[in-house]
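Chemist: Got a sequence here, can you build the structure:
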Amino acid sequence: MKIFKKTNFKKPLIFSLILFPLFVIGGYLATVMSVSSMTPEFLSQGIEQFGSKLNLILASSIMPIILPFICSFFGFILSEKIGLLRPFKFEKSALIKTIVISMIFGIIFSLDAWTFAKWSPELAKTYESTGSFDAITWFSSVLYGGLSEEIMMRLFFMSFLSFAVWKIFFKEKENVPNGVIIGSNIVVALAFAVSHLPATLQTFGVLTPLLIFRCFLMNGAFGLLFGRLYRKYGIQYAVLSHIILHIVSKTIWLIAF
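Modeler: Reported below is the predicted structural model:
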């Protein structure tokens, strides 16, 4: 394939291997959290299929571990091809902007407990029963939510979509048009929201119009922020922003509940 011509595979492989232990921990913890939040009906079906809760967790954690690893390898290559791969370091000005914006968005994200939870009995029960914050939630949010999801959605999917559109429709252009990357960010943000619908169904046992709207608003809108940070500063800023958003929101829930 032409995309792989004159491609140095050593750097993306090293990048993926360095992140792999974090993918393993994050994928496992995310699965534990997902299984623990299943409705009794979904949980009993899973246990019946795999024989035990542990087997269900182990089997379900394979994809959340392997997929980010694969995406990190190919995402590194694609990101470099479209000019979005930046040195893995933080510049002071961009870092401060990212931290401040992400903390504000984290506060906005936390308002879910006082807005949608007031309008949805299914959502309200999750706050009343779990408190929304513990060690597993913390590390899962940091390692899977912050790292794995950004590697899959932004580094790989957004880069792949930008590269594909560029090569198919703008062959004469030497560089990827900015509009292509912005459009890819919007599409990926919507896809990111859609990817949360199965988990929403597992957690609440139903997909009401309100829960669907909440899923698109919270995951899609924040996905746009992460994509912009990736486009402007580099994937490390998108990862950091996603992590801060979760830490801030869940710390607020810890204090409140």
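
Chemist: residues near residue 244, how many?
Modeler: Using other CB atoms under 10 Å, residue 244 is surrounded by 21 other residues. Where C-beta positions appear, they are placed from N, C-alpha and C, glycine not excepted.

Chemist: What ranges does the stretch 151-257 of the chain have for its helices?
Modeler: Here the stretch 151-257 of the chain has its helices, by DSSP state H, counting those that start in this stretch, at 159-169, 178-194, 197-204, 209-215, 221-232, 235-256.

Chemist: what mean pLDDT would you report for the helix or strand residue 125 falls within?
Modeler: Per DSSP states H and E, residue 125 falls inside helix 121-130. Rounded to a whole number, the mean pLDDT of helix 121-130 is 72.

Chemist: before we move on, what about stretch 16-26?
Modeler: The average of the pLDDT scores along stretch 16-26 is 96.

Chemist: Now do it: everything it contacts.
Modeler: 64-65, 68-69, 72-73, 76, 139-140, 142-144, 147-148, 151 (CB atoms under 8 Å, 6 or more residues apart in numbering).

Chemist: How far off centre is the strand or helix carrying residue 99?
Modeler: Residue 99 is part of helix 92-110, with elements assigned from DSSP H and E. Offset of helix 92-110 from its chain centre (CA atoms, centre = their mean, to the nearest Å): 17 Å.

Chemist: Check which helices and strands the following helix or strand past that helix is in contact with.
Modeler: Per DSSP H and E, the first helix or strand lying C-terminal to helix 92-110 is helix 116-119. Using 3 or more CB pairs under 8 Å, 6 or more residues apart in numbering; DSSP states H and E, the elements in contact with helix 116-119 are helix 121-130, helix 209-215.

Chemist: can you redo those as a markdown table with distance to residue 229?
Modeler: Shown next, in a markdown table, are those (distance: least, CB to CB, whole Å):
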| stretch | distance to residue 229 |
| --- | --- |
| helix 121-130 | 28 |
| helix 209-215 | 22 |
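
Chemist: Tell me which of these sits nearest to residue 12.
Modeler: Nearest to residue 12 among the helices and strands packed on helix 116-119 is helix 209-215 (32.0 Å), distances taken as CB to CB.

Chemist: Between the helices and strands packed on helix 116-119, which one is closest to residue 158.
Modeler: Residue 158 lies closest to helix 209-215 among the helices and strands packed on helix 116-119, at 19.4 Å (CB to CB).

Chemist: Averaged pLDDT, that closest one. What do you get?
Modeler: Helix 209-215 comes out at a mean pLDDT of 89.

Chemist: hmm, back to that, can you pull the buried residues of the helix holding residue 99?
Modeler: 94, 97, 98, 101, 102, 103, 105, 106, 109, 110 (16 or more other CB atoms under 10 Å).

Chemist: quick revisit: considering the helices of the stretch 151-257 of the chain, which stretch scores lowest in mean pLDDT?
Modeler: The minimum mean pLDDT among the helices of the stretch 151-257 of the chain belongs to helix 197-204 (a mean of 80).

Chemist: contacting residues around the closest residue to residue 142 other than its chain neighbours?
Modeler: Leaving out its chain neighbours, the residue that sits closest to residue 142 by CB to CB, 6 or more residues apart in numbering is residue 243, at 5.2 Å. Residues in contact with residue 243 (CB under 8 Å, 6+ apart) are 141, 142, 145, 146, 147.

Chemist: center of this structure - which residue?
Modeler: Geometric centre of the chain, nearest residue: residue 149, 2.7 Å, by CA atoms, centre = their mean.
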